[in-house]
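Chemist: have a look at this prediction, sequence included:
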Amino acid sequence: MSFVIAIDGPAGAGKGTITKQLAEELAFMNIDTGAMFRCVTLNMLQEKIGIEDEVGIQKLLEKIQIDMKEDGTFFLNGEEVTKKIRENEVNNLVSPVSVIPMVREKLLELQRKIAEGKNVIMEGRDIGTVVFPNADLKIYLDATPEERAKRRVKQNEEKGIICSYEEVLQGIMDRDKRDSSREVAPLKRAEDAIYIDSSDMSIKEVVARIMELVEEKRKK
């Protein structure tokens, strides 16, 4: 019997790191939905297709190939793009791209197909509200904008991407506003999601807390 964990929350809340560790601990498949949207965004930048170009986007979606490997690497149309999809150019465009209905429809179909019949953990903005509204466990992972900016700067430095704290903080606050107020699949906490504020928690503490919740759910 399959078990689905949905983790939602704002940019920089640590969803990716937490989800990756939980997937390893639980031996669950980790489907990085955010990275999938980033792949579409990168492909649009590569092909110089604007967000208003519906015909161009439709043609791109018809032929795009997104492959996820177990080690967390991503391939776009045969090219390894794990680092490229985290660069600023993609960061600045991924939010408006992710609200384009045809993009969401294409990736929603792919995400559900991948997850069918499996033990899966997924993170994003609307996993518990749209992608898997019937998930067995829903988590809303949050942290203050300042803490999220610190984490993102450190994360970027580890990947060789240099950005100032001020630039990252402003970007996070702008994105929070866009993601929460957008008409299509806005960032919001599902009514039955368990809220976790990780501002003063270590990664280990957050993982341990969610592991407890998984055990509680499985016993029911």
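Modeler: Yes, it's here. Residues are numbered from 1 along each chain as shown.
Chemist: thinking Val40 is in contact with Glu105, fair?
Modeler: No: judged on Cβ atoms under 8 Å, Val40 makes no contact with Glu105 at a distance of 11.8 Å. The C-beta positions use only the backbone N, C-alpha and C, and glycine is treated the same way.
Chemist: who has more neighbours, these two?
Modeler: Val40 (26 against 11; other Cβ atoms under 10 Å).
Chemist: nearest spatial neighbour of the more buried one, skipping sequence neighbours?
Modeler: Leaving aside its sequence neighbours, Val40 sits nearest to Val103 (Cβ to Cβ, 6 or more residues apart in numbering; 5.6 Å).
Chemist: okay, buried residues for the helix or strand encompassing the one you found please.
Modeler: Val103 is located in helix 101-115, with elements delineated by DSSP states H and E. Of all the residues in helix 101-115, those buried under the rule 16 or more other Cβ atoms under 10 Å are Val103, Arg104, Lys106, Leu107, Gln111, Ala115.
Chemist: show me what that helix is packed up against.
Modeler: strand 29-32, helix 33-46, helix 54-63, strand 120-124 (3 or more Cβ pairs under 8 Å, 6 or more residues apart in numbering; DSSP states H and E).
Chemist: for Asp197, which of the ones you listed is the nearest?
Modeler: Asp197 sits nearest to strand 120-124 of all the helices and strands packed on helix 101-115, at 16.3 Å, using Cβ to Cβ.
Chemist: what comes up buried for the closest one?
Modeler: With burial defined by 16+ other Cβ under 10 Å, the residues of strand 120-124 counted as buried are Val120, Ile121, Met122, Glu123, Gly124.
Chemist: over to stretch 188-201?
Modeler: Arg189, Ala190, Ala193, Ile196, Ser198, Met201.
Chemist: what about this protein, any weak spots by pLDDT?
Modeler: 70 (pLDDT under 70).
Chemist: ok, residues contacting stretch 12-21?
Modeler: 7-9, 30, 32, 34, 72, 121-124, 141-143, 148-149, 151-152, 172, 198, 203, 206-207, 210 (Cβ atoms under 8 Å, 6 or more residues apart in numbering).
Chemist: so which of the residues you listed sit within helices?
Modeler: Gly34, Arg148, Ala149, Arg151, Arg152, Ile172, Ile203, Val206, Val207, Ile210 (DSSP state H).
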